[in-house]
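Peer 1: Fold the following.
(chains A and B)
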Amino acid sequence: MSGGTRLENANPLIFQRSGERLLTATDEDEDVADPIDDREIFDILSKSINDPEHPLSLEELNVVEQMRVNVNDRESMVSVEFTPTIPHCSMATLIGLSIKVKLLRSLPDRFKVSLVSSQTHLINKQLADKERVAAALENSQLLEVVNQCLSTRTM
Amino acid sequence: MAADNSVLLGLVEEFVSGQVDSKAAETSTGVKNGQFTILQLVEALGVSLSSSQPQTRGRGVQLLSQVLQECYSSLSEREVEVLLAFYENRLKDHYVIIPHVLQGLKALTKCSVLPPGSAVSVLKSIFQDIHVQSLMLAERSCVYNILISLMESKEEELKGLGADFIFGFVQSVDGERDPRNLLLAFQVARNIIQRGYDLGKFVEELFEVMSCYFPIDFSPPPSDPRGITQEELVLSLRAVLTGTSQFAEFLLPLIIEKLDSDIQSAKVDSLQTLAACGLTYSHKELAEFLPGLWSSIRREVSQTASERVESAGLSALSALVSCLSRSVLNSDSEDVLQVFLSLVLKDCQHHLCEPDLKLVWPSAKLLQAAAGASYRASLIVSAAIIPALLEQYNNRTQCAHRRTLLEVLQGFVQPTALSRPADGEDSVLVAFQQSLCGVVFSALTESSAGLQVTATRVLSALGQQPGLMAQTDVEKAVDHLSRLILEEDDPKLSSAVVECSGSLAHLHPKAFISRLIPRLKEEILSGQSDAAVRQRCVTALASVSSLPSVVQESAPVLLQVLASAHTGSCGFSVEEVAAVCISLQKIAEHARDSEEIGRFFHDIIIPHLLGLCLQAALQTRDAGHSSPLTDKAVLSAVVPVMSTACAALRSESASRMAAQAVSLFLDGDVSFLPENAFPSKIQLLQSQAESGGLSQLVCLLMACVCSLPRSVEIPEIDRLLLQLEDLSCTCTHLFSFTSAAKCFAGLVNKRPAGEALDAVLERVMKRISVELENTSSAQRTQAFTLLLWVSKALLLRYHPLSTALTDQLFALLSDPALGSQAADGFGVLMSDCLDVLNRGCHADVRIMYRQRFFAENSTKLVQGFNSAEQEKKSCYLKALSHIVSNLPRQVQLTELPALLPLLLEALSCADQAVQLSTLSCLQPVLLEPPEALRNQLEALFSRLLALTTSPAMKVRIASLQCVHALSRLPEHTVLPFRARVLKALAVPLDDKKRLVRKEAVAARAEWFLLGSPGGR
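Peer 2: Predicted coordinates:
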């Protein structure tokens, strides 16, 4: 992000962040089981993935919305729909890949993840293809960028 | 003499031809204690110094130089002159000799008796005969040291050299690479600049030779013995570069260039250097570069992802603006400040009109940094920005937009230290006062909590500045605040409202007394509103009460609430009553700053509270009606109210308080209590057979007498102590005997050492031992409780008897009935107690008593553990974890190696409380783990990973946090565990508790990044 390079989208729209999830009494109760729900997955995605271009979370850029995260704990299904900041953003694949990797690392393996971009069909195909995802992560340069997106912000 | 001579000759001979280095030290001792003179030494050296072998000459010079280094202070001027002439001449000699010559010169230049003219000639010879950069590290350092010493002692002469000196320095330093020498070279350069040496035509050369190191990029080698840090180098170079405005024309373009760098530290360094320039430069130097500097700063601040770059950029801008503000205006030139700020405004202002785009914040921060740099700048910026923001605010209808605009506005409302109006100047906002208040009030009526929160912050900022709120505005604001307190239930909003009320009440107490307090009082006592509303009212009452005039209105309201809780008229729950007491305590804290509040508490509040509690207790005893004021939770909340107030009492009222409390509790003297309708002969310190009742009021006695200043004498203390001892040993009610023990301990802690104290202690120790030894006694728990608190009282003040008492506690760890309680007792011993025996209560607490206790007792504990039977071991582990977790972090780190095996043992102990407290004391240590841990990683990992599936949720969370912390250890130490950890952490990802999953996700994410490209 040096002075020479131009950002693809220097002044994006910023959306408000939802607050921290409020703790309820049942959260502290040992005997109650809390199922994995939409908000939990949304929190995982929105708070800990950064847009590669901006020091902003995916929530602030409206790339993921809680509305479009659907979780069914009993059937072990997660579906996430995301919107890249600008149409045909070259970063869309990278953001998609980061979300995919984040979910793989954060969910129990019983879950089946379906990840859909609301923009391009091509990305959807790439992300749904297990082997392509695995192959992409074999590429150490690509893995490096993905890991940077997933690194917690150090400021 | 002849003998001495031969000794000297012998030494010289051995050093020069025999190559015995130690002889130099012997020679210099000889010279120092007058055995031989320098002249004799030179004579003795004669042959070697004139030898045709360069090695022999070198050895000779080396001996002389080493002796001079020891004895330069005793030389006469004449000797120095001769020696200098010799050394200067030797500079032309063979290269093997030069190092020793320079060492000698370095010693000589430190002399206080340098002959006039010598500095110049030494420097001339050095600059002429030596090419500094082809010397070795140590010799180069000699040259710089010579320069530094000469600059200290012969400043005038060196200045006489004029530009030759600068040229010589530039030549000798050009190409220096060692950080140690650079620090010296930077020091010379800084001296040149700050002490006003004439740079002549070598300004650019000097700048070039220094600026080639900018920005500094230096990472010290691991285990660096010299400890030079990047920080040191950066700061000393910055002092050189920004030291004179003559460098401006070279430095500013360099900064602009380096700001383009990709390396973050280079950017930060450049920005900080620019900020430092702001202090020395005037607008003349800056003028030409302002547009370039501005566009770089703007680009960095609006594009960066790093807070460091951002804040460095903002301070650089602020420094530039304040530099421009200092410039004196000429009638014929335009105002540079105005020109620059209009540039800033032009680039930033339009972004403020797009409150949902990203650049609104960087632009606002830039403008705020510029405005905060000086009063004049804030005038110019506010005049342009505030009307625009207000207009935007009124045109927008979305709450989110309005909130952003108001947040931006808030930054402009709060003046900084630099932009604060001087005496006689008006706040820059006076012109907008009406419209600002209008906007704030309209925002307070909006439906969005976020917007309202921001509005309360702006309101406090406005209220802090004189002249921005008229009386009517204040009243309106108070009405808004009261309405919000009563109606809004969003927790963030209510805490913001309470905070805002607090800050305004401090400046405008009248409006709060006349409007807010009556309204809240009515609401609380109406009996109609629900508990949440009443709770908000009570909190608000506490937060507005910082001035005596307000306290006199608000505290009685709270008392009234307690009274009606007692009569049961409004249906207050126990929690509510306790919350009222907490609010009263918050008010009582202000007694520390205001004697008037203290007196009010002493005269009104404390007697009323005591009276209420006593009434409640009597009623419960007689009528069986149970008032919330007899509840243990409420009494425990009343205690801090009284103790906080009593701790702040000044001498006279403090003594009166002590006398009143003691006579009430010892003799049943109720005369100072209000509404005197108590039976005459009440005995409060008798352990009644019935359940507590009156006896639990002893906690109030503790609150009153144990928190008074140490100088206050407690009347009838011996009788009081005896009664307390009886109560604590015989009472069967847990709360009562514990309070009595605490009260006893609080008094013992403050009692001056002497026979009286010893007698009391002897008696009580005997009684405790008797009770404890009788294993069938029903009162063992009581005796143990008293033992624990007395030990704590004595331990805190380093009393010699404390060891005997704590040893008794250690012995109890293996007691079948009291072992577990004793283990928890160590937690009490080591942690700060909230209601007694703390510094707030003026207790005698020595510093570092925990470390001392630990140092004296850790071996006992370890031995006890090793010799204990298997089922008793857990008590020892629990005690250990209580002690260790209360130690300061630094001590934990040093003690950990010894305790690690035990702590690891504790992790596999079945007791969940032990696991939890061990984990909580391990976790901070793991962030900066000591060497000893590295060898135990295998054991640590296997235990921690096993605990991630523990049945107790808190243990799972704590162990996951520890696993998370371990990911920050140096990569090579933990990488071998990566696969195992990732596999083990997959299990808690599916934990049934969300809080556990959250920690597991965070920990697993970090472990995935470990050792992976782009990770860490």
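Peer 1: Which helix or strand lies directly C-terminal to the helix or strand bottoming out on mean pLDDT in chain B?
Peer 2: One helix or strand of chain B scores below all others by mean pLDDT, DSSP states H and E: helix B:931-934, with a mean of 76. Downstream of helix B:931-934, the next assigned helix or strand under DSSP states H and E is helix B:937-947.
Peer 1: avg pLDDT for that next one?
Peer 2: The predicted model gives helix B:937-947 an average pLDDT of 91.
Peer 1: same for it, what does it pack against?
Peer 2: helix B:889-907, helix B:953-966, helix B:978-985 (3 or more C-beta pairs under 8 Å, 6 or more residues apart in numbering or on different chains; DSSP states H and E). (Each C-beta comes from the backbone N, C-alpha and C, glycine too.)
Peer 1: out of those, nearest to chain A?
Peer 2: helix B:953-966 (5.2 Å; C-beta to the nearest C-beta).
Peer 1: Tell me which helix or strand residue B:749 sits in.
Peer 2: helix B:734-750.
Peer 1: chain center to that helix, what's the gap?
Peer 2: What separates the centre of helix B:734-750 from the centre of its chain is 34 Å, taken as C-alpha atoms, centre = their mean, to the nearest Å.
Peer 1: Kindly reformat the helices and strands packed on helix B:937-947 as CSV containing mean neighbour count.
Peer 2: What follows is the helices and strands packed on helix B:937-947, written out as CSV (neighbours: other C-beta atoms under 10 Å in any protein chain shown):
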stretch, mean neighbour count
helix B:889-907, 17
helix B:953-966, 23
helix B:978-985, 16
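Peer 1: What is the distance between stretch A:67-75 and the centre of its chain?
Peer 2: 15 Å.
Peer 1: tell me how far the ends of it are from each other?
Peer 2: Stretch A:67-75 has an end-to-end distance of 19 Å (C-alpha to C-alpha, to the nearest Å).
Peer 1: where does chain A have low pLDDT?
Peer 2: A:1-10, A:16-17, A:51-55, A:86-90, A:119-122, A:152-155 (pLDDT under 70).
Peer 1: Work out which residue lies at the spatial centre of it.
Peer 2: Using C-alpha atoms, centre = their mean, the residue of chain A that lies closest to the mean C-alpha position is residue A:99, 3.3 Å off.
Peer 1: now whichever strand or helix holds that residue and helix B:978-985, what's the angle there?
Peer 2: Using DSSP H and E, the element containing residue A:99 is helix A:92-106. Calculated by axes from the mean of the first three to the mean of the last three C-alpha atoms, to 10 degrees, helix A:92-106 forms an angle of 70 degrees with helix B:978-985.
Peer 1: The helix or strand just after helix A:92-106: partners in the sheet, and parallel or antiparallel?
Peer 2: Using DSSP H and E, the helix or strand that follows helix A:92-106 towards the C-terminus is strand A:112-117. Using DSSP bridges, the strands paired with strand A:112-117 in its sheet are strand A:77-82 (parallel).
Peer 1: And the contacts of the partner strand?
Peer 2: Contacts of strand A:77-82 with the rest of the structure, by C-beta atoms under 8 Å, 6 or more residues apart in numbering or on different chains, involve A:41, A:45, A:58, A:63-64, A:68-72, A:95-96, A:99, A:103, A:107, A:111-118.
Peer 1: Next, the buried residues of it.
Peer 2: Neighbour-count burial for strand A:77-82 flags A:78, A:80-82 (criterion: 16 or more other C-beta atoms under 10 Å in any protein chain shown).
Peer 1: on that earlier part again, can I get the helix holding residue A:99 in CSV? Just the C-alpha atoms.
Peer 2: Taking C-alpha atoms only, helix A:92-106 is exported to CSV below (Å, rounded to 0.1, in the frame of the first residue of the first chain):
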residue,chain,number,x,y,z
ALA,A,92,-13.2,-11.1,-5.0
THR,A,93,-11.6,-14.5,-5.5
LEU,A,94,-9.1,-13.8,-2.8
ILE,A,95,-11.8,-12.7,-0.4
GLY,A,96,-13.8,-15.8,-1.2
LEU,A,97,-10.9,-18.0,-0.7
SER,A,98,-10.1,-16.3,2.7
ILE,A,99,-13.7,-16.9,3.8
LYS,A,100,-13.6,-20.5,2.7
VAL,A,101,-10.3,-21.1,4.6
LYS,A,102,-11.5,-19.3,7.7
LEU,A,103,-14.6,-21.5,7.8
LEU,A,104,-12.5,-24.7,7.3
ARG,A,105,-10.3,-23.7,10.1
SER,A,106,-13.1,-22.6,12.5
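Peer 1: re earlier: distance of the residue nearest to the centre of chain A from residue A:117?
Peer 2: 9 Å (C-beta to C-beta, to the nearest Å).
Peer 1: how far away is residue B:359 from residue A:14?
Peer 2: With C-beta to C-beta as the criterion, residue B:359 and residue A:14 are 9 Å apart.
Peer 1: cool, and residue B:762?
Peer 2: Counting by C-beta to C-beta, the gap from residue B:762 to residue A:14 is 73 Å.
Peer 1: Show me which of the two is the more surrounded one.
Peer 2: The residue with more neighbours, out of residue B:762 and residue A:14, is residue A:14; 21 against 11, by other C-beta atoms under 10 Å in any protein chain shown.
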